[in-house]
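A.B. asks: I would like the atomic coordinates for the input below:
(chains A and B)
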Amino acid sequence: MLGIQEAIVETARKFPSSLYVSTCGFITRDLYNTADRPENFYLVGSMGMAAPVGLGVALAQPEKQVVVLDGDGSFAMNLSVLPMIAEHSPNLVHMVLDNGVHESTGGQRPVRIGDPAGLALAAGYAAAYTVDSAEDLRDVVPADGPTLVHVRCAPRGAHAGKRVEWTPQQIVARFNERAAA
Amino acid sequence: MTTAILQAGHPAGPDAHRPSPAEELVRAFADHGHTHFTGVPCSLLKGVFKVLEGPATELTEGLRYLSAPREDSAIGVATGLAVSGAKPVVLMQNSGLGYSLNVLTSLNLIYDVHVPLVVSWRGHDGNDAVEHDIIGRELTNLLDVFDLRWTLFDPADPYASVERCLAKGEGGPSDGRRGTPVLIVKQGV
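C.D. replies: Below is the predicted model:
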């Protein structure tokens, strides 16, 4: 089973030129510590909003690919946005990094979603995958339209890296410069 | 046939159609570069939604309406649009502000991404359905607490109402500070 940091590194390797939106907590910190780029829009709060923010980015920049890094807890928090994303058919890869715990807050148990990939397809996503190895993640082929990738991950074990040191205003300014270019 | 008769009775022409307050509201945002509208409907705003969801017209050409499941998600989508070069507007009933407080306080106000909100004011005189009593009474207090800079929509002058609202949000002459501009709609448009 992949670790979340490993899954993020693999994702960044697979989609090196995409725009990224990461959910708050450890996932944003992992992305920042493993692959900091101006093309990353880090959420430091507003849990559940990575997917809608990613949709907005994709609608403003239809020529670019957007990768959303969600956790299983933040994904469960905002399932109602899945049909909205599906409706507009954006060029968006929705990663759900599922380690089965609210790790950022101390390892509490989130609502368990039986089949995130099935849920995404039912909501109208163009494609959905469930993977649990780096090899399977590398084999994912995004469809023409929103694609969900449910990555079964091992609990982190190691402590997350440092907090994002860019100010929110810096995050916006440098992202805007790349996204709107 | 009915259509033909109706048209015969009301000939189309330059003076046949006077813009409604809802159309003027939309036009004012469009003239200020706003391209995307998203949100959750309210009966007080149904005229605006009708303009945005209706058949394409000269007014709505180049505008896009995105129906959202919840008000906070609408603000999330609008935020993504705003940080990527588009200019969105969010429409909601005042009941939706509760949902929106998290995204407003931990994203928009912290990151200084100020998308205009058009918020209907159900329960403004305590004379509405019971579910609007408390939010109706406290709406402007709630907006003041979080420094959401509100402007009351004037149905007699919709275009200028929008301009006043946007001027506040964009560091207008009032006090030179930026903030999330909120246009409060009291009567139905």
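A.B. asks: residues in chain A within reach of chain B, list them.
C.D. replies: With C-beta under 8 Å from any C-beta of the partner chain as the criterion, chain A meets chain B at residues A:19, A:21, A:41, A:43-49, A:51-61, A:78, A:80-81, A:83-84, A:87-88, A:168-169, A:171-172, A:175-176, A:179-180. Quick note: C-beta positions are derived from backbone N, CA and C, even for glycine.
A.B. asks: Please flag which of the residues you listed sit within strands.
C.D. replies: Of the positions in the residues of chain A next to chain B, A:L19, A:V21, A:F41 sit in strands, assigned by DSSP state E.
A.B. asks: Same list, these, but as CSV with neighbour count please.
C.D. replies: As requested, these are arranged in CSV below (neighbours: other C-beta atoms under 10 Å in any protein chain shown):
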residue, neighbour count
A:L19, 27
A:V21, 32
A:F41, 29
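A.B. asks: Quickly name whichever of these is closest to A:N99.
C.D. replies: A:V21 (19.3 Å; C-beta to C-beta).
A.B. asks: Indicate the residue of chain A located nearest to chain B.
C.D. replies: A:G56 (2.2 Å; C-beta to the nearest C-beta).
A.B. asks: can you give me the strands in chain B?
C.D. replies: With strands called from DSSP E, chain B shows them at B:36-39, B:64-67, B:88-93, B:117-120, B:149-152, B:181-185.
A.B. asks: which neighbours does the last one have in its sheet, and in what orientation?
C.D. replies: For strand B:181-185, the pairing partners within the sheet under DSSP bridges are strand B:117-120 (parallel), strand B:149-152 (parallel).
A.B. asks: can you check the first one too?
C.D. replies: When pairs are called by DSSP bridges, strand B:36-39 turns out to pair with strand B:64-67 (parallel), strand B:88-93 (parallel).
A.B. asks: who touches that strand?
C.D. replies: A:59-60, B:26, B:29, B:52, B:63-68, B:71, B:74, B:77-78, B:81, B:86-92, B:96, B:118 (C-beta atoms under 8 Å, 6 or more residues apart in numbering or on different chains).
A.B. asks: Would you mind putting the CA coordinates of that strand into CSV?
C.D. replies: Output of strand B:36-39 as CSV, limited to C-alpha atoms (Å, rounded to 0.1, in the frame of the first residue of the first chain):
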residue,chain,number,x,y,z
HIS,B,36,-19.5,33.6,-14.3
PHE,B,37,-22.5,33.5,-12.0
THR,B,38,-23.0,30.7,-9.5
GLY,B,39,-25.1,30.1,-6.5
